[in-house]
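In: sequence first, predicted model second:
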Amino acid sequence: QVQLVESGGGLVQAGGSLRLSCAVSARTFVYNPMGWFRQAPGKEREFVATINWHGDDTHYADSVKGRFAISRDIVTGTMYLQMNNLKPEDTALYLCAAGHSPTDSVSTREYAYGYWGQGTQVTVSS
(Lines give C-alpha, C1' and ligand atoms only; values in the text may rest on other atoms or scores of the structure.)
Protein backbone atom coordinates (compact mmCIF):
# COMPACT_ATOMS: atom_id res chain seq x y z
CA GLN A 1 0.00 0.00 0.00
CA VAL A 2 1.59 3.24 -1.16
CA GLN A 3 1.38 6.09 1.27
CA LEU A 4 1.91 9.76 0.65
CA VAL A 5 2.42 11.78 3.81
CA GLU A 6 2.37 15.57 3.78
CA SER A 7 3.91 17.80 6.41
CA GLY A 8 4.94 21.40 6.92
CA GLY A 9 1.61 23.16 7.01
CA GLY A 10 0.68 25.70 9.64
CA LEU A 11 -0.47 29.22 10.42
CA VAL A 12 1.49 32.09 8.90
CA GLN A 13 0.94 35.79 8.37
CA ALA A 14 0.46 37.23 4.92
CA GLY A 15 3.82 37.70 3.23
CA GLY A 16 5.33 34.80 5.10
CA SER A 17 6.70 31.49 3.87
CA LEU A 18 6.16 27.79 4.42
CA ARG A 19 7.77 24.66 3.00
CA LEU A 20 5.58 21.63 2.50
CA SER A 21 6.95 18.10 2.15
CA CYS A 22 5.42 14.94 0.74
CA ALA A 23 7.11 11.67 1.62
CA VAL A 24 6.46 8.56 -0.47
CA SER A 25 6.50 5.20 1.27
CA ALA A 26 7.24 3.09 -1.79
CA ARG A 27 10.66 3.43 -3.43
CA THR A 28 9.11 2.47 -6.80
CA PHE A 29 7.16 5.71 -6.87
CA VAL A 30 10.32 7.72 -7.16
CA TYR A 31 9.78 7.74 -10.94
CA ASN A 32 6.11 8.73 -11.00
CA PRO A 33 5.15 12.33 -11.71
CA MET A 34 3.83 14.10 -8.64
CA GLY A 35 1.75 17.14 -7.94
CA TRP A 36 0.27 19.46 -5.35
CA PHE A 37 -3.39 20.37 -5.20
CA ARG A 38 -5.32 22.42 -2.68
CA GLN A 39 -8.88 22.67 -1.48
CA ALA A 40 -10.38 25.56 0.42
CA PRO A 41 -13.62 25.19 2.40
CA GLY A 42 -16.61 25.30 0.10
CA LYS A 43 -14.47 25.27 -3.02
CA GLU A 44 -13.42 22.65 -5.51
CA ARG A 45 -9.99 21.09 -5.39
CA GLU A 46 -7.58 23.00 -7.60
CA PHE A 47 -4.22 22.31 -9.17
CA VAL A 48 -1.18 24.04 -7.69
CA ALA A 49 1.98 22.54 -9.21
CA THR A 50 3.39 19.40 -10.79
CA ILE A 51 6.83 17.91 -11.36
CA ASN A 52 8.34 14.94 -13.15
CA TRP A 53 10.68 12.49 -11.43
CA HIS A 54 13.84 14.26 -12.49
CA GLY A 55 12.60 17.72 -11.61
CA ASP A 56 13.22 19.26 -15.03
CA ASP A 57 9.57 19.51 -16.08
CA THR A 58 7.40 21.65 -13.82
CA HIS A 59 4.13 23.52 -14.21
CA TYR A 60 2.29 25.93 -11.94
CA ALA A 61 -1.15 27.40 -11.56
CA ASP A 62 -1.17 31.05 -12.62
CA SER A 63 -2.20 32.06 -9.10
CA VAL A 64 1.06 30.78 -7.59
CA LYS A 65 3.61 31.43 -10.35
CA GLY A 66 6.57 33.40 -9.09
CA ARG A 67 5.70 32.68 -5.45
CA PHE A 68 5.74 28.87 -5.15
CA ALA A 69 8.48 26.47 -6.19
CA ILE A 70 8.06 22.71 -6.54
CA SER A 71 11.00 20.33 -6.26
CA ARG A 72 11.79 16.75 -5.38
CA ASP A 73 14.60 14.56 -4.18
CA ILE A 74 15.36 12.12 -7.01
CA VAL A 75 16.80 9.58 -4.60
CA THR A 76 13.98 9.38 -2.07
CA GLY A 77 11.16 10.74 -4.21
CA THR A 78 10.19 13.23 -1.51
CA MET A 79 8.47 16.24 -3.03
CA TYR A 80 8.55 19.77 -1.70
CA LEU A 81 6.58 22.96 -2.18
CA GLN A 82 8.30 26.17 -1.15
CA MET A 83 5.64 28.82 -0.69
CA ASN A 84 6.73 32.45 -0.45
CA ASN A 85 4.81 35.70 -0.18
CA LEU A 86 1.76 33.82 1.04
CA LYS A 87 -1.65 35.45 0.72
CA PRO A 88 -4.89 34.83 2.64
CA GLU A 89 -6.35 33.31 -0.53
CA ASP A 90 -3.70 30.58 -0.32
CA THR A 91 -5.46 29.23 2.76
CA ALA A 92 -6.46 25.62 2.03
CA LEU A 93 -5.80 21.97 2.68
CA TYR A 94 -2.79 21.08 0.54
CA LEU A 95 -2.66 17.56 -0.84
CA CYS A 96 0.13 15.77 -2.63
CA ALA A 97 -0.51 13.22 -5.33
CA ALA A 98 1.44 10.70 -7.38
CA GLY A 99 0.75 9.63 -10.93
CA HIS A 100 -0.50 6.17 -11.85
CA SER A 101 2.65 5.09 -13.64
CA PRO A 102 6.31 6.06 -14.11
CA THR A 103 5.57 6.52 -17.82
CA ASP A 104 2.90 9.17 -17.20
CA SER A 105 3.58 12.77 -18.08
CA VAL A 106 3.07 15.61 -15.66
CA SER A 107 -0.50 16.85 -15.56
CA THR A 108 -2.67 19.59 -14.11
CA ARG A 109 -5.70 17.24 -14.01
CA GLU A 110 -6.85 15.36 -10.90
CA TYR A 111 -7.67 12.21 -12.85
CA ALA A 112 -4.02 11.85 -13.84
CA TYR A 113 -3.11 11.05 -10.24
CA GLY A 114 -3.92 7.72 -8.65
CA TYR A 115 -2.45 8.16 -5.20
CA TRP A 116 -3.24 10.90 -2.73
CA GLY A 117 -2.14 11.96 0.71
CA GLN A 118 -4.40 13.14 3.52
CA GLY A 119 -3.31 16.75 3.26
CA THR A 120 -1.70 19.40 5.42
CA GLN A 121 -3.53 22.59 6.39
CA VAL A 122 -2.11 25.97 5.43
CA THR A 123 -3.72 29.03 6.97
CA VAL A 124 -2.61 32.53 6.03
CA SER A 125 -3.81 35.39 8.21
CA SER A 126 -4.16 38.93 6.91
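Out: Structure's in. What do you need?
In: pretty sure Y111 sits in a helix.
Out: Yes. Using DSSP: H, G, I helix; E, B strand; the rest coil, the assignment for Y111 is a helix.
In: tell me the confidence at the one residue sitting closest to the centre of the chain?
Out: By C-alpha atoms, centre = their mean, the chain has its centre lying nearest to W36, at 2.3 Å. Note for W36: predicted pLDDT of 98.
In: show me the beta-bridge partners of it.
Out: A49, C96 (DSSP bridges).
In: isn't it up against L20?
Out: Yes. Counting by C-beta atoms under 8 Å, L20 is a contact partner of W36 at 7.2 Å. Every residue, glycine included, has its C-beta placed from N, CA and C.
In: which residues are in contact with each of these two?
Out: 81, 94, 96 (C-beta atoms under 8 Å, 6 or more residues apart in numbering).
In: nearest to N32 among those?
Out: For the shared contacts of W36 and L20, the residue nearest N32 by C-beta to C-beta is C96; the value is 11.5 Å.
In: check contacts around that closest one.
Out: 4, 6, 20, 22, 34-37, 79, 116-117.
In: which two in the residues you listed are spaced the farthest apart?
Out: The widest separation within the contacts of C96 (C-beta to C-beta) is 14.4 Å, between L20 and W116.
In: which of the two has more residues huddled nearby?
Out: L20 (23 against 17; other C-beta atoms under 10 Å).
In: hmm, who's touching stretch 41-51?
Out: Taking C-beta under 8 Å, 6+ apart as the rule, stretch 41-51 contacts 33-39, 57-61, 64, 68, 70-72, 79, 81, 92, 94-95, 106-110.
In: and those, which of them are buried?
Out: For the contacts of stretch 41-51, a burial check counting by 16 or more other C-beta atoms under 10 Å picks out 33-38, 59-61, 64, 68, 70, 72, 79, 81, 92, 94-95, 106-107.
In: now stretch 5-23: buried residues?
Out: 6, 8-9, 12, 18, 20-23.
In: tell me how far the residue lying closest to Y60 once chain neighbours are set aside lies from L18.
Out: Of all residues not flanking Y60 in the chain, A49 sits nearest, at 4.9 Å (C-beta to C-beta, 6 or more residues apart in numbering). Computed with C-beta to C-beta, to the nearest Å, the distance linking A49 and L18 is 14 Å.
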